[in-house]
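>>> turn this into a structure:
(one chain, ligands or ions: 1)
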Amino acid sequence: MNARDLDAYCDAHQARFIDELVEFCRIPSISTDPAHAGDVRRSAEWLARGARDAGFATTELIETAGHPAVYAERMVDPGLPTVLIYGHHDIQPVDPLEEWTSPPFEPRIVGGELRCRGAADDKGHVWMHLKAVQAHLRTRGELPLNLKLVVEGEEEIGSAHFEELIGAEATRLRADLCVVSDTAMHGRGQPSICVGLRGLVALEVEVTGPALDLHSGEFGGAVLNPLEALSRILASLRDPRTGRVTVPGFYDEVVELTREERTQVAASPFDEAAFREVAGGVLATFGENGYTTTERRTVRPTVEINGVWGGYQGPGSKTIIPARAGAKITCRLVPRQQPEVILDRVRAAIEAATPDAVRVTVTPGGGSRPVLTPVDHPGVLAASRAMKEVFGAEVYCTRAGGSIHPVEMFDRLLGLPSVLVGFGLPDDRIHAPNEKFDIGQFRSGIRVLTRLWDELAENLQRTSPGES
Ligand SMILES: [Zn+2]
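Predicted structure coming up:
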């Protein structure tokens with residue numbers, strides 16, 4: 001369907017859209033800081049009002065044991081497809097404050113960029129969704145499909161109560177597709193859609209030896225040092241020559257990519273030198289033999305040691321054999337790897353690698369499953385067409401190496417596939433000082449979303465009852 005009418009509305013109202021977003025960004029809705037709990041609530045109330053103004057018929061706050069989420073819906077006809085939009089209205093803290101070139105809650109537009117905390121992550125994206133809905137309603141009088149919106153207030157603190165919220169609101173959140181806008185495109189002029197996220201499993205290892213720290217003059221050489229035992233255990237988890245994880249069964253469920261899928265991964269531009277620069281100037285890349293850097297960080301699983309402790313850390317030296325040593329480990333998982341299964345296998349490998357002279361305990365942490373939406377899913381194809389039309393460039397389907405917990409929860413708890421359509425740019429400095437959102441991306445993003453609703457209305461299969 002031709003979208004010129006929608007574009008004309010957006011053009012005529014672009015300045016107001018920006019002014020409204022600026023007001024939204026003035027609210028310091030920092031979820032991790034209890035001192036800002038009132039601001040997170042204010043942000044939710046402000047957003048609920050914004051959703052009502054945009055034309056959502058139902059708007060309300062959903063209370064959780066933590067910060068409130070915002071829910072809104074506009075059910076047009078139960079016979080039409082239903083899309084659930086996900087985003088978050090909470091933001092990251094702003095420290096170190098002295099590194100900001102302008103105050104983080106006094107949004108400024110400089111050189112085509114809106115600079116403030118939350119501009120890209122994720123208030124700009126949430127606002128784009130409301131404005132796309134408004135454009136449809138003011139221009140054509142009605143949406144071409146049913147839309148539901150859930151915007152949580154705790155994404156930046158690990159979506160602490162979102163699983164409970166989904167459980168309690170499962171019926172209301174039912175939809176045929178979830179559209180998540182909380183990510184960046186591959187680059188400026190390089191639109192991309194993220195279709196896969198790696199999963200995660202966390203664990204903590206503790207090695208204990210003697211009941212107390214021992215004098216290394218009296219006992220050194222005669223008692224196994226727990227730090228040495230831990231080092232051996234950790235070193236045993238990966239083969240330094242092949243870069244492969246050596247945990248027995250670690251790769252059992254991993255499906256090798258087809259030649260076509262590998263070509264797709266390779267299609268998005270990659271610059272090794274630039275990557276090393278972004279990676280803090282590392283001297284060389286490292287990983288599993290036979291895979292490219294992009295594959296290693298998106299479609300292959302890994303084991304990472306996140307922290308190690310034990311022994312004396314103060315100035316000078318202290319001649320001891322420490323009583324204990326520990327480490328935190330996380331594994332990134334790819335489709336078909338289950339967190340519980342991988343946890344058991346890593347635990348078994350750690351136990352097997354533990355020398356007889358020390359004891360080891362493995363404590364499980366959290367986990368999330370990997371998710372993958374097929375690249376030929378109608379939702380992916382629709383988003384791809386909408387992006388291509390607006391950006392005038394081929395759209396890459398990418399997979400991300402990280403996890404977005406809500407996406408995994410929608411998949412696991414509601415069987416809801418997600419398409420990640422985000423308009424950030426890689427240099428948006430999200431979570432860092434001087435976060436910004438490109439005004440051009442904001443403008444284009446709204447156009448993509450207005451088209452996306454038309455595309456999905458025509459192509460999305462209804463899989464669930466539309467009524468709530
Ligand atoms: Zn975010």
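
>>> show me the contacts for the residue most central in space within the chain.
With distances taken as C-alpha atoms, centre = their mean, Ile404 lies nearest the centre of the chain, 3.2 Å away. If a contact means C-beta atoms under 8 Å, 6 or more residues apart in numbering, then Ile404 has Val180, Asp182, Thr183, Leu197, Leu420 as its contacts. Glycine gets a C-beta too; all of them are placed from N, C-alpha and C.

>>> could you redo the last one with a cut-off of 7 Å?
Val180, Asp182, Leu197 (C-beta atoms under 7 Å, 6 or more residues apart in numbering).

>>> try Ile439
With contact set as C-beta under 7 Å, 6+ apart, Ile439 has these partners: Ile18, Ile109, Gly112, Glu113, Leu114.

>>> up against the ion, what does the stretch 1-150 of the chain have?
Contact residues (C-beta under 5 Å from the ion) of the stretch 1-150 of the chain with the ion: Asp121, Asp122.

>>> swap in 8 Å and give it another go.
The stretch 1-150 of the chain has residues Gly87, His88, Asp121, Asp122 near the ion, with proximity defined as C-beta under 8 Å from the ion.

>>> the first one in helix, strand or coil?
Gly87 carries the three-state label strand when classified by DSSP: H, G, I helix; E, B strand; the rest coil.

>>> neighbours around it, how many?
27 (other C-beta atoms under 10 Å).

>>> likewise the last one?
Asp122 has 27 neighbours, counted by other C-beta under 10 Å.

>>> make sure it is actually in contact with Val180.
No: if you go by C-beta atoms under 7 Å, Asp122 and Val180 don't touch, sitting 9.6 Å apart.

>>> what sits against the closest residue to the ion within the stretch 351-468 of the chain?
Taking C-beta to the ion, the ion has its nearest neighbour within the stretch 351-468 of the chain at Ile430, 6.9 Å off. Ile430 makes contact with Ala120, Asp121, Gly424, according to C-beta under 7 Å, 6+ apart.

>>> contacting residues around the closest residue to Tyr291 other than its chain neighbours?
Closest residue to Tyr291 apart from its sequence neighbours, by C-beta to C-beta, 6 or more residues apart in numbering: Arg300 at 5.6 Å. By C-beta under 7 Å, 6+ apart, the contact list for Arg300 reads Glu288, Tyr291, Val334.

>>> same deal with Ala72?
Ala72 makes contacts with Ala51, Phe56, Thr58, Thr59, Leu149, as judged by C-beta under 7 Å, 6+ apart.

>>> and if you look at Phe437?
So Phe437 contacts Glu113, Leu114, Ala119, Ala120, Gly124, Asp428 (C-beta under 7 Å, 6+ apart).

>>> which one of these sits closest to Ser159?
Taking C-beta to C-beta as the measure, Ser159 sits nearest to Ala120 out of those, at 18.7 Å.

>>> right, and that closest one touches Asp427 too?
No: counting by C-beta under 7 Å, Ala120 stays clear of Asp427, with 10.1 Å between them.

>>> who has more neighbours out of these two?
For Ala120 versus Asp427, the count of surrounding residues by other C-beta under 10 Å is larger for Ala120: 27 against 13.

>>> distance of that one relative to Pro426?
As judged by C-beta to C-beta, to the nearest Å, Ala120 and Pro426 stand 11 Å apart.

>>> and what of Phe17?
Separation of Phe17 from Pro426 (C-beta to C-beta): 24 Å.

>>> re the thing from before, state the phi and psi torsions of the residue nearest to the centre of the chain.
Dihedral angles of Ile404 (phi, psi; degrees, to the nearest 10) stand at phi -120, psi 100.

>>> same check, this time on Val419
Dihedral pair for Val419: phi -120, psi 130, per degrees, to the nearest 10.

>>> same check, this time on Ala69
Dihedral pair for Ala69: phi -100, psi 170, per degrees, to the nearest 10.

>>> His377 and Leu416 touch, don't they?
No: at 11.9 Å, His377 does not count as touching Leu416 under the criterion of C-beta under 7 Å.

>>> the more surrounded of the two?
More crowded of His377 and Leu416, by other C-beta under 10 Å: Leu416, with 21 against 18.

>>> now Pro406: which helix or strand?
Using DSSP states H and E, Pro406 sits in helix 405-414.

>>> and that helix, does that touch the ion?
No: Helix 405-414 lies apart from the ion when judged by C-beta under 8 Å from the ion; the minimum separation is 10.0 Å.

>>> Gln190 - how many residues pack around it?
Neighbours around Gln190, by other C-beta under 10 Å: 16.

>>> same question but for Ala57, I mixed them up
Ala57: 11 neighbours (other C-beta under 10 Å).

>>> next one: it from the ion, what distance?
27 Å (C-beta to the ion, to the nearest Å).

>>> now do the contacts for that residue.
Glu73, Arg74.

>>> by neighbour count, which of the contacts of Ile404 wins?
Leu197 (31 neighbours).

>>> surely that residue touches Pro406?
No: counting by C-beta under 7 Å, Pro406 is not a contact partner of Leu197; they are 10.5 Å apart.

>>> strands of the stretch 51-200 of the chain, residue ranges please.
58-62, 69-74, 82-88, 108-110, 113-115, 146-152, 177-180, 192-197, 199-208 (DSSP state E, counting those that start in this stretch).

>>> partner strands of the helix or strand following the last one and their direction?
Note on strand 199-208: by DSSP H and E, the next helix or strand toward the C-terminus is strand 214-215. Strand pairing for strand 214-215, using DSSP bridges, gives strand 320-321 (antiparallel).

>>> tell me the domain boundaries of the chain?
4-197+370-459, 199-254+301-368 (automatic domain parsing).

>>> looking at those, which one is packed in the most?
domain 4-197+370-459 (a mean of 20; mean count of other C-beta atoms under 10 Å).

>>> run the chain-centre distance for it.
Chain-centre distance of domain 4-197+370-459: 12 Å, with C-alpha atoms, centre = their mean, to the nearest Å.

>>> avg pLDDT for it?
Domain 4-197+370-459 shows a mean pLDDT of 96.

>>> same deal with stretch 226-244?
The predicted model assigns stretch 226-244 a mean pLDDT of 98.
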